[in-house]
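1. have a look; sequence and predicted model below, questions after that.
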Amino acid sequence: MKPNQHIAELGPLLERLGIRHVIIAPGSRNAPLIQLFTRNDPFQCYSIVDERSAGYVALGMASSLNEPVAVVTTSGTAVLNLAPAVAEAYYQQVPLLILTADRPVEPIPQFNNQVIDQAAPFYNYTKGFFEMPVEPRTEQDVIQALVNLENLVEEGKAHPAGPVHINVPLLEPLYEDLPEPGLNQRAESGDAGTIREPRAESLLLGSHQKILLLAGAGKYDSQTSANLLRLAKNHQVVIVAENIANLPSKEFVHHPEVILSGAGQEELEILKPDLVIGLGGQVVSKKLKNFIQSDPDITSLVHGQDPSLTVRDLLRWQEKQPGLPGDSYLQSWKRLEKRVMEKADQAMVGFPFCNLTVIREIIQEIPRDTVLHLGNSTTIRYSQLVPLRDDITYHSNRGTSGIDGSVSTAVGSAMVKDDLHLLLVGDLSFVYDSNALWNRKFPGNLRIVVLNDGGGSIFRLLEGPSRMEFFEEFSVTHHPVSIEMLSQAFGRRFRRVAGMEELKENLGILMQPDSPLSVLEVDTTASENSRIFESFFDKTG
């Protein structure tokens, strides 16, 4: 066997498995893997220096393409830097192929650089782990390793999709030319490494009459969307679909946060379901979660299985149930939604320049077919309060809802799709993930609006934190960073606005196909954002 023959054979296999895009973080130990991908035309390679950003760029690509994207790192802490993105991909059910170079086990490992235990470091957040052999002795050994790897990658693509981790110990020398692939890759199905099996679940509906179905963040195929519409029209199942579910329909409920804030006690009793079924990913509305969790008599089922299967089970059940007469459960929700959203619209007109009116203006005015990426703090919550657009696509990293990776994910998504992408993100999230701008192939179709309200203002919207003595220093976390200088350091074209007329003028410029801008800072530090936020809910009641 030639040295690194097993590495050379990975090229044809991964091409056959549908890997087209590869994010490469630089290093030395991973040099053979870098050579493998960069010398093969089928792979489109991208260099991302910061591994934490690289993982999220891959996540954005895989989510947009609906196909696995590979991430290649060197050994040591470079591997651990992928952990946040791997966890986010796991909970979003996005397939990633994590390929980490490693040092083979050596007698005195403490004398070597970049050595950590890389055996399944993401075990709870991947669908499986496999370690390639260090130095296969026979062709059959190589073929069997490739079979195991293939099985694991296929497992990552199967529903529910998710990341898989392949650890690749590599011997020196690392900079020799790889041999040409040439093995006949056939073998019996083998052990696919450590695979986490999903739990089998069943849908037990019984005789419930008021069913609330929470369609969380995710991607729903056209057939599932049509079946959900059939469920809603029967008026026995109320479909709650926030903007990041991307299920626009007049038959669905899109603004639970606003509706529940404006409902009286008697109305809340009418809206109370017998059964709640959750499918897809996260739901944003805190009021909706509290509404469900506060009543022990409400039965809740959260299903991790394929949403299409859950919806088909519901349809079969529904065919055996009598339709609800006249004043149905759905209509109770829709009447209240109409009343409350009209009040919300009236309230917005009277509000001054602030976070809420800025986000409303942006969502109203961006061009149709825009992919709107929402940051994970103030922006995603405020976006739930304004009317849904059915001609744009919404996205937010709600798998783990972390501050990290919002910018990188939007960058990755825009790199593989020609549509106009707009990232609406807070100042802390932007600064935290600013290495996302460190990209030689930064996409020209991505625009960024940084909502600068002077720190982590999300905590001002939550009940409790502001009463604590540590609040201003350790929760709000004011920062001295200039958004302008940070943007310009990475070569991004920048402009700052601090009023509604300025915003309207520059938003139009930002959205132009050949815009001279890529980052627009909207400064709302002088606005009473938290007071206006509270006032909004007072006016919808």
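-> Good, I have the coordinates.
2. now stretch 254-262, how far from the chain's geometric center?
-> Relative to its chain's centre, stretch 254-262 lies at 23 Å (CA atoms, centre = their mean, to the nearest Å).
3. same question for stretch 307-326.
-> Computed by CA atoms, centre = their mean, the chain-centroid distance of stretch 307-326 equals 30 Å.
4. now it: buried residues?
-> Neighbour-count burial for stretch 307-326, with 16 or more other CB atoms under 10 Å as criterion, is recorded at Pro307, Ser308, Thr310, Val311, Asp313, Leu314, Trp317, Gln318. (Each C-beta comes from the backbone N, C-alpha and C, glycine too.)
5. turn these into JSON lines, including secondary structure.
-> Below are those laid out as JSON lines (DSSP: H, G, I helix; E, B strand; the rest coil):
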{"residue": "Pro307", "secondary structure": "helix"}
{"residue": "Ser308", "secondary structure": "helix"}
{"residue": "Thr310", "secondary structure": "helix"}
{"residue": "Val311", "secondary structure": "helix"}
{"residue": "Asp313", "secondary structure": "helix"}
{"residue": "Leu314", "secondary structure": "helix"}
{"residue": "Trp317", "secondary structure": "helix"}
{"residue": "Gln318", "secondary structure": "helix"}
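6. tell me which of those is nearest to His165?
-> Of all the buried residues of stretch 307-326, Pro307 has the smallest distance to His165: 25.8 Å, by CB to CB.
7. what bits of the stretch 151-300 of the chain have low per-residue confidence?
-> For the stretch 151-300 of the chain, the stretches with pLDDT under 70 are 184-208, 235.
8. got a markdown table for the buried residues of stretch 307-326, with pLDDT too?
-> As requested, the buried residues of stretch 307-326 are exported to a markdown table (pLDDT from 0 to 100):
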| residue | pLDDT |
| --- | --- |
| Pro307 | 84 |
| Ser308 | 86 |
| Thr310 | 83 |
| Val311 | 87 |
| Asp313 | 81 |
| Leu314 | 82 |
| Trp317 | 75 |
| Gln318 | 73 |
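9. and of those residues, the nearest to Asn30?
-> Lowest distance from Asn30 to these (CB to CB) belongs to Pro307, with 36.8 Å.
10. what sits against the residue nearest to Val481 when sequence neighbours are not counted?
-> Distance criterion CB to CB, 6 or more residues apart in numbering; nearest residue to Val481, sequence neighbours excluded, is Val431 at 5.0 Å. Contacts for Val431 (CB atoms under 8 Å, 6 or more residues apart in numbering) come out as His479, Val481, Ile483, Leu486.
11. select only the buried ones of the residues you listed in PyMOL?
-> A single PyMOL command suffices to select whichever of these are buried according to 16+ other CB under 10 Å:
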select buried, resi 483+486
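12. so of the contacts of Val431, which ones are in strands?
-> Among the contacts of Val431, none falls in strands (DSSP state E).
13. quick check, nearest of the contacts of Val431 to Glu266?
-> Looking across those and measuring by CB to CB, the closest to Glu266 is His479, at 46.1 Å.
14. Ser225 and Val302: what is the separation?
-> From Ser225 across to Val302, the span is 20 Å (CB to CB, to the nearest Å).
15. coming back round to it: quick one: mean pLDDT for the strand or helix carrying the residue nearest to Val481?
-> For Val431, the element it lies in under DSSP states H and E is helix 427-432. Taken as a whole, helix 427-432 has an average pLDDT of 94.
16. kindly report the same for stretch 354-363.
-> For stretch 354-363, mean pLDDT rounds to 96.
17. for Thr73, what are phi and psi?
-> Per-residue torsions, Thr73: phi -130, psi 170 (degrees, to the nearest 10).
18. who's in contact with it?
-> Taking CB under 8 Å, 6+ apart, one finds Ala25, Gly27, Asn30, Glu51, Ala54, Val79, Asn81, Leu82, Ile98, Leu99, Thr100, Ala101 in contact with Thr73.
19. check Pro516 too.
-> So Pro516 contacts Arg493, Ile509 (CB under 8 Å, 6+ apart).
20. which residues in the stretch 151-300 of the chain form helices?
-> Using DSSP state H, counting those that start in this stretch, the helices assigned to the stretch 151-300 of the chain run over residues 222-233, 256-262, 265-271, 286-293.
21. just the pLDDT at the closest residue to Gly18 other than its chain neighbours, thanks.
-> Leaving aside its sequence neighbours, Gly18 sits nearest to Glu67 (CB to CB, 6+ apart; 5.7 Å). On pLDDT, Glu67 comes in at 97.
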